[in-house]
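>>> predicted model, plus sequence, below.
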Amino acid sequence: MELQLALDLVNIPEAKDVVGEVQDHIDIVEIGTPVIINEGLKAVKEIKESFPSLKVLADLKIMDAGAYEVMKASEAGADIITVLGATDDETIKGAVEEAKKQGTKILVDMINVKEIGKRAEEIDALGVDYICVHTGYDLQAVGENSFEQLQEIKRVVKNAKTAVAGGIKLTSLPEVVQSKPDLVIVGGGITSQEDKKSVASQMEKLIKQEALS
Ligand SMILES: O=C(CO)[C@H](O)[C@H](O)COP(=O)(O)O
């Protein structure tokens, strides 16, 4: 089980500061969609150059032109690129094919997918690397989370790794890790804390304990 730090509300210098603080406790740095909107793929390139031992995920949330956008993110240094599960199979197939050529990986974000078990099964057959249940900020604000959806996809996904994102905090992490996702994605649960290193370290510990149990 791996831990991914999601950076959404920062510029590039702030991103470097946060990653520098918690780098010993995380496996993947996510350059969030708002950061890419503000700074472009330069943010991916600079973080990968500054922290070469960490994997970098570019949260492009691709909906069309799968192959082209995966190529551009891969060229910028991304190790993992996101595509939306709500899009068509052709876009996902194009993204997977290009990622294979580039030596990168595809994470499919199931945000706002309605029949999540059925769609996860279809997407799993397309050869993606990760399938991620995700409650976005707007639904987090009305009290939703993806913890039950994680159990649902765990029942049907046979090939891809499973991931979970959306409002995960140190207090809710024990419940999340019990479902044994392969990847836990945390943004505000670390970035909004005063002592980010300490929280990231406690999260790493919980994840490692659960992985061993
Ligand atoms: O992709 C995202 C928003 O669309 C976030 O990166 C993801 O939800 C994780 O951040 P947080 O833990 O703050 O919810």
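All right, it came through fine. Numbers count the residues shown, from 1 in each chain.

>>> next one: stretch 169-188, is it in contact with the ligand?
Yes - judged by CB under 6 Å from any ligand atom, stretch 169-188 comes into contact with the ligand at 185-188. From N, CA and C alone the C-beta is placed, and that goes for glycine too.

>>> in helices, which of those residues fall?
Among the residues of stretch 169-188 next to the ligand, the ones falling in helices (DSSP state H) are G188.

>>> which one among the residues of stretch 169-188 next to the ligand gets closest to the ligand?
Nearest to the ligand out of the residues of stretch 169-188 next to the ligand is G187 (CB to the nearest ligand atom; 2.5 Å).

>>> hang on, isn't that closest one packed against Q4?
No - under the criterion of CB atoms under 8 Å, G187 is not in contact with Q4, lying 9.1 Å apart.

>>> more neighbours: which of these two?
Remark: of G187 and Q4, Q4 carries more neighbours, 23 against 20, as counted by other CB atoms under 10 Å.

>>> how about the helices of the chain, start to end?
Applying DSSP H to the chain gives helices spanning 12-22, 33-39, 42-50, 66-75, 89-102, 116-124, 137-140, 147-156, 173-178, 188-191, 196-212.

>>> residues of the fourth one that come out buried?
Of the residues in helix 66-75, 66-67, 69-74 count as buried by neighbour count, 16 or more other CB atoms under 10 Å.

>>> using CSV, lay out those residues together with pLDDT.
What follows is these, written out as CSV (pLDDT from 0 to 100):
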residue, pLDDT
G66, 98
A67, 98
E69, 98
V70, 98
M71, 98
K72, 98
A73, 98
S74, 98
